[in-house]
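>>> return a 3D structure for these sequence lines:
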Amino acid sequence: MKKTVVVTIFILLICFISACNKQETKNVMLPDVQEIEYMYFVVGDECKTVEDKEQIKLILSELSNAEISNLQSLNDTPQTESYIKITFETSKGISSNTVYLYEKEYKFYLEQPYHGIFKIKEKAYNSIVEKIKAEQ
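Down below sits the predicted model:
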């Protein structure tokens with residue numbers, strides 16, 4: 001009897017520990033591409049607007065491939081000096097799904113305040129930056 005209780009407690013303990021260590025899978029929250037009319041990029045004091053639907057689609061594709069990191073977003077803006085703020089204007093108005101792109105210690109991140117910090121590939125980051133620079 002004691003052996004059964006010990007084994008049961010051991011199994012429950014293992015289940016509890018594995019459940020606590022499981023990281024919640026999160027995705028970047030982005031508006032539907034069909035609803036977006038404009039994307040605004042703020043870099044320092046400059047603001048650029050993208051309204052071309054194909055460009056918007058390409059940028060959203062890059063953003064949606066970001067993977068959740070083990071870092072937490074606990075502030076309104078990233079805790080780094082330099083970042084790109086991206087906001088979306090939809091047919092319903094300005095979306096609350098603001099995202100920030102930045103580089104920190106040779107890694108590239110996408111952050112959504114209080115939702116999560118996501119890892120983004122360097123190629124995707126550079127692609128987005130190039131698209132922003134190309135806009136007039």
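
>>> for Val50, name its beta-bridge partners.
Judged by DSSP bridges, the bridge partners of Val50 are Met39.

>>> these two touch, right, it and Ile56?
Yes - between Val50 and Ile56 there is a contact at 6.0 Å, judged by Cβ atoms under 8 Å. Every C-beta, even on glycine, is put in place using the N, C-alpha and C of the backbone.

>>> pull up the overlap in contacts between these two.
Met39 (Cβ atoms under 8 Å, 6 or more residues apart in numbering).

>>> all strands of this protein, in order?
Here the chain has its strands, by DSSP state E, at 36-43, 46-50, 67-68, 84-90, 93-94, 99-104, 107-112, 116-119.

>>> could those strands go into TSV alongside distance to Tyr125 and mean pLDDT?
Formatted as TSV, the strands of the chain follow (distance: least, Cβ to Cβ, whole Å; pLDDT from 0 to 100):
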stretch	distance to Tyr125	mean pLDDT
strand 36-43	13	93
strand 46-50	16	91
strand 67-68	13	94
strand 84-90	9	94
strand 93-94	24	86
strand 99-104	6	95
strand 107-112	4	95
strand 116-119	10	95
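
>>> need these in TSV (columns: mean neighbour count and distance to Asn27).
Formatted as TSV, the strands of the chain follow (neighbours: other Cβ atoms under 10 Å; distance: least, Cβ to Cβ, whole Å):
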stretch	mean neighbour count	distance to Asn27
strand 36-43	18	17
strand 46-50	13	22
strand 67-68	14	8
strand 84-90	19	16
strand 93-94	10	21
strand 99-104	20	12
strand 107-112	21	10
strand 116-119	20	9
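
>>> do you know which of these lies nearest Asn75?
For Asn75, the closest of the strands of the chain is strand 107-112, at 9.0 Å, according to Cβ to Cβ.
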